[in-house]
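Asks: The amino acid sequence is not available; the structure is as follows:
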């Protein structure tokens with residue numbers, strides 16, 4: 001059962017990464033010097049912020065699969081989850097992987113940001129005693 005859960009997580013993350021790169025801006029401003037298109041065979045750098053456990057560990061698992069798709073995944077680990085959304089707003093990250101939708105909505109409301117949920121990933125199992 002754990003293997004199926006892990007495979008589902010990997011596939012979800014691959015889908016997330018592909019969606020994030022596919023949603024990138026390809027708009028051109030009309031000048032001849034603009035090069036917003038990725039050349040064939042060129043790798044796309046995707047910088048994702050994550051908390052160390054389990055999020056960065058999961059990203060490490062999908063990194064080889066993304067490399068096969070031409071995506072160079074750079075994982076930036078954060079020890080304080082409150083730093084991830086501000087880093088994304090400031091443009092230091094292309095995406096982050098750590099939060100649930102109510103937290104995202106609360107952050108946007110408090111800061112006036114407009115971060116959006118791109119894809120559902122996994123739910124952390126919790127043991128309450």
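Replies: Looks like it came in fine. In this text, all values refer to a predicted model and were calculated from it rather than measured experimentally.

Asks: after the lowest-mean-pLDDT helix or strand in the chain comes which helix or strand?
Replies: When the helices and strands of the chain are scored by mean pLDDT, DSSP states H and E, helix 2-22 comes last with a mean of 57. Later in the chain than helix 2-22, the nearest helix or strand by DSSP states H and E is strand 44-51.

Asks: Which positions within that following strand qualify as buried?
Replies: Neighbour counts over strand 44-51 (16 or more other Cβ atoms under 10 Å) mark 44, 46-51 as buried. Placement of C-beta: from N, CA and C, glycine included.

Asks: Could you do stretch 64-77 as well?
Replies: So for stretch 64-77, counting by 16+ other Cβ under 10 Å, buried means 65-66, 71, 73, 75-76.

Asks: Closest one of the residues you listed to residue 127?
Replies: Residue 127 lies nearest to residue 75 out of those, by Cβ to Cβ, at 26.6 Å.

Asks: Let me see the contact set for the closest residue to the closest one other than its chain neighbours.
Replies: Closest residue to residue 75 apart from its sequence neighbours, by Cβ to Cβ, 6 or more residues apart in numbering: residue 59 at 4.9 Å. Applying Cβ atoms under 8 Å, 6 or more residues apart in numbering, we find residue 59 in contact with 13, 48, 50, 73, 75, 97.
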